[in-house]
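S.K.: the following block contains a protein sequence and its predicted model.
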Amino acid sequence: MFVGIDLGSRTVKMAVWDGERLVDHKIVESGFEPHRQAEKMVAGVKASVIIATGYGRHLAAEYFADHVITEIKAHGLGIYHQFPDCTTIVDVGGQDSKVIALNARGKVSNFQMNDKCAAGTGRFLEIMAGSLAYDLAEFGQAALKADKEVPINSMCTVFAESEVISMKNRGVPREHIARAVHASVADRLSGMLARLGYGEEIAFSGGVARNPCMVQMLQEKLPETRMIVPELPDLTGAWGAALHGANY
């Protein structure tokens with residue numbers, strides 16, 4: 001068995017690959033010590049090799065992992081395995097967002113990251129949802145129901161939250177604000193893609209890919225492409241790490 005473990009800022013993901021299929025997977029909250037969470041997850045697995053990726057990969061290597069790879073490489077491997085003709089990836093996680101270009105053989109040829117602030121990330125959406133008194137799970141659905149959006153001028157999380165509070169106090173319907181928040185993230189992601197370049201298909205990975213409004217709005221920004229969402233988008237990195245382990 002080949003185990004991939006993705007120690008992210010919000011969750012820890014594990015994927016177990018037997019060489020032919022994904023036989024097990026788990027997702028848990030990262031907690032204060034994500035490497036301890038990860039160690040518990042792999043404890044009962046008879047693994048030939050354990051490959052770690054994500055923010056906590058080097059700490060995992062100190063305690064139990066055999067090798068580490070970057071998140072970018074892991075997501076490239078995970079998407080290429082599932083969609084071998086797709087050459088562009090958008091990965092939106094808790095604390096950063098990435099756009100990744102693959103060549104015809106599935107190797108990473110270029111990438112861009114937004115890792116200097118929370119704007120355009122899952123954390124940004126989480127903070128905005130809380131400010132609007134939405135659960136994160138219902139945030140995207142509420143935004144889809146809105147028939148209009150209002151402009152949010154700042155992508156800085158602190159200033160954007162102030163704008164949201166001001167809008168609430170002016171009586172702007174919260175679903176309109178929710179849609180505007182999603183539109184601002186879609187604008188940022190589409191801008192990153194425009195700078196990198198993209199193919200006819202774009203795979204959307206990471207936990208934010210489970211947000212239906214985010215997927216729809218990014219598709220609307222890029223009408224000439226087809227957005228693809230994996231069945232388990234938040235597991236892409238862990239799966240890619242496990243696939244790397246099979247060839248380690």
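M.R.: Perfect, I can see it now.

S.K.: what residues of stretch 200-209 count as buried?
M.R.: Within stretch 200-209, the residues that count as buried by 16 or more other Cβ atoms under 10 Å are 202-209. Using the backbone N, CA and C atoms, a C-beta is placed for each residue, glycine as well.

S.K.: for those, which one is nearest Lys107?
M.R.: Using Cβ to Cβ, Ala203 is the member of the buried residues of stretch 200-209 that sits closest to Lys107, with 15.2 Å.

S.K.: what is the three-state secondary structure of that closest one?
M.R.: Of the three states, Ala203 takes strand according to DSSP: H, G, I helix; E, B strand; the rest coil.

S.K.: right, and it touches Val92 too?
M.R.: No: with contacts counted by Cβ atoms under 8 Å, Ala203 stays clear of Val92, the gap being 11.8 Å.

S.K.: next up, the contacts around the most centrally placed residue in the chain.
M.R.: Against the mean C-alpha coordinate of the chain, by Cα atoms, centre = their mean, the closest residue is Gly206 at 2.3 Å. By Cβ atoms under 8 Å, 6 or more residues apart in numbering, the contact list for Gly206 reads 90-93, 97, 122, 233-234, 236.

S.K.: in helices, which of those appear?
M.R.: Applying DSSP state H to these, the entries found in helices are 122, 236.

S.K.: out of the contacts of Gly206, which comes closest to Met192?
M.R.: Nearest to Met192, judged by Cβ to Cβ, of those is Ser97 at 7.2 Å.

S.K.: quick one: buried residues of stretch 211-228?
M.R.: Result for stretch 211-228 [16+ other Cβ under 10 Å]: buried residues 211, 213-218, 221-222, 225, 227-228.

S.K.: out of those, which one sits closest to Ser190?
M.R.: Proximity of the buried residues of stretch 211-228 to Ser190 was ranked by Cβ to Cβ; the top entry is Lys221 with 4.0 Å.
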